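K.L.:
Need a 3D model of the sequence below.
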Amino acid sequence: MDLKKLYRGAGIFLMLLLSLASCKKAEEETFTPETMSGTVEFDIPFYVQMGETVTLSASGIIDPKNANYKWYVSGVYVDTLTSNVVSVRFPDSIGVFIVSANCYADGYYINSTSQQVTTIDTSWNASITGLKASPQFIVDKRDGRAYRYITAGELDWFCQNLAWGGVPFKTSPVTAAYFGHFYTWDEAMDGDVCPEGWSVPTNEDWESLAEVLSGGIAVPFVDNWFGLGEKASAAVCLNDERMWPYSPDNSHTNDIGWNAMPLGYTFAGSKKFEGINEYGCWWSATEKNDTQAYYRYIWYDLGDFPMAYTGKSDMRANVRCVRMHPQSL
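P.N.:
Predicted coordinates for the structure are as follows:
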C-alpha cells in the first residue's frame, strides 16, 4: 500500500469537507433578517378597573403584509394570544402589568411595543386613600355622576375635579371618579361645563377660598398664597404608593378637605401628561387678556398655592366647580 497516496487522498478529502463547511458557514453568516417597515402600535389605558376586559388592536406594521402577532401580559397571558385583535381580562386584584404586542414574520426581525397598565379599585378608600370624605354631595343630572363638595365661607366648592367632557387622566376613563378630567380654558368656559347651578371659579371666588384657608385673612388673587398649598392638598396614595413625593416644606394637611392631588397637566393635541406627582393645576374663569387666562397650582416641594397664566387654548388643567351656598343667597 502506498501510504503517501493514501495520506494525500485523505488530505484532499478533508480539505473538501472543510471547504464545504466553510461555504455553508459563510452562507449562514451572510443571511441577515430584514427590518419591518413601521412600528407596532396599540391603545390601552394606563389604568383599568380590576377585573376589566379590554379589547386590543395592533397596527402600524406596513411591511410585510403577512405578519403575525403574539401578545404577552405579565402574570396573565404568556404567548397564548395570537391575533392582531384580542380581548384581555385583567385579574380581580390590584397590580401592575406589562402588556406587549410582538409582530413576527419569517425572514424579519421581531417588532414589539410594550406598555405598563395598573389595575385599580374605584370604590371609596380602596385604591385611592388619604382623601377626606365630605358628607355633602350633588348628582350631575347629565350623567348621574356624584360630586362631593365642601362649604368654605359663603361658597360651596367641589372637593374633587370635574369629569364632564374634557380629557381623562392619561387616557384612562376609569380614573374619572377620583381624578376628574382635563380642559383648556376655552373648553372649560365653552357652555355649561359645570353642573346646573355651578360654575368655574373666578379670581374673586379663589380669594374667598384663600381667606378660609388662611383663617380669615384676606389674600389677593395675584399672590403666592404662602403656606396655603399645604392646607389645600391631601397626603393621598394610589395603590399604597404616595402620590406627592416627600418634602419637608409641604406635609399636605388638607385642612378643609379640598383634596388637591398632583395630577399634572397636558396640552391640546397631546396624549402626554407632564408634572404628574409634582403639580396640581386648576383654572380660574377670569381672563388675563384676550389670549391668556389665570390658573392656580400646587408644587410638591413648596407649601404655597401660587397663581400663573397661560394660553386659553394651550394647556389642559383640572376644574373645580363652585356655587354660592344656598343659605348665603
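K.L.:
Where do the helices of the stretch 51-200 of the chain begin and end?
P.N.:
176-179, 185-189 (DSSP state H, counting those that start in this stretch).
K.L.:
Quick check: what element follows the longest one along the chain?
P.N.:
On the C-terminal side of helix 185-189, the nearest following helix or strand under DSSP states H and E is helix 203-213.
K.L.:
Can you point out the buried residues in that next one?
P.N.:
Applying a neighbour-count criterion of 16 or more other Cβ atoms under 10 Å, one finds Asn203, Asp205, Trp206, Glu207, Ser208, Leu209, Ala210, Val212, Leu213 buried in helix 203-213. Bear in mind the C-beta positions are built from the backbone N, C-alpha and C, glycine included.
K.L.:
re the thing from before, for the helices of the stretch 51-200 of the chain, give me CSV that also has distance to Asp304, mean pLDDT and mean neighbour count.
P.N.:
Below are the helices of the stretch 51-200 of the chain laid out as CSV (distance: least, Cβ to Cβ, whole Å; pLDDT from 0 to 100; neighbours: other Cβ atoms under 10 Å):
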stretch, distance to Asp304, mean pLDDT, mean neighbour count
helix 176-179, 23, 94, 20
helix 185-189, 22, 97, 21
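K.L.:
a markdown table please, covering those and showing distance to Glu196.
P.N.:
Listed next are these as a markdown table, based on distance: least, Cβ to Cβ, whole Å:
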| stretch | distance to Glu196 |
| --- | --- |
| helix 176-179 | 19 |
| helix 185-189 | 16 |
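K.L.:
Tell me which of those lies nearest to Trp157.
P.N.:
Nearest to Trp157, of all the helices of the stretch 51-200 of the chain, is helix 185-189, at 15.5 Å by Cβ to Cβ.
K.L.:
other SSEs contacting the closest one?
P.N.:
Contact analysis of helix 185-189 by 3 or more Cβ pairs under 8 Å, 6 or more residues apart in numbering; DSSP states H and E lists strand 279-287 as its packing neighbours.
K.L.:
Which elements pack onto the strand it packs on?
P.N.:
Checking 3+ Cβ pairs under 8 Å, 6+ apart, strand 279-287 ends up next to helix 185-189, helix 203-213, strand 292-299.
K.L.:
want to throw the ones you listed into CSV with distance to His252?
P.N.:
Formatted as CSV, those follow (distance: least, Cβ to Cβ, whole Å):
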stretch, distance to His252
helix 185-189, 25
helix 203-213, 13
strand 292-299, 9
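K.L.:
quick one: which of these is nearest Gly269?
P.N.:
It is, among the helices and strands packed on strand 279-287 and with distance given as Cβ to Cβ, helix 185-189, at 12.4 Å.
K.L.:
Figure out how far the closest one is from the centre of its chain.
P.N.:
Counting by Cα atoms, centre = their mean, to the nearest Å, helix 185-189 is centred 21 Å from the centre of its parent chain.
K.L.:
For it, output the C-alpha coordinates as PDB.
P.N.:
The C-alpha coordinates for helix 185-189 follow below in PDB (Å, rounded to 0.1, in the frame of the first residue of the first chain):
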ATOM      1  CA  TRP A 185     -59.500  77.300  29.400                       C
ATOM      2  CA  ASP A 186     -61.600  77.600  26.200                       C
ATOM      3  CA  GLU A 187     -63.100  74.100  26.800                       C
ATOM      4  CA  ALA A 188     -63.800  74.900  30.500                       C
ATOM      5  CA  MET A 189     -65.600  78.100  29.500                       C
END
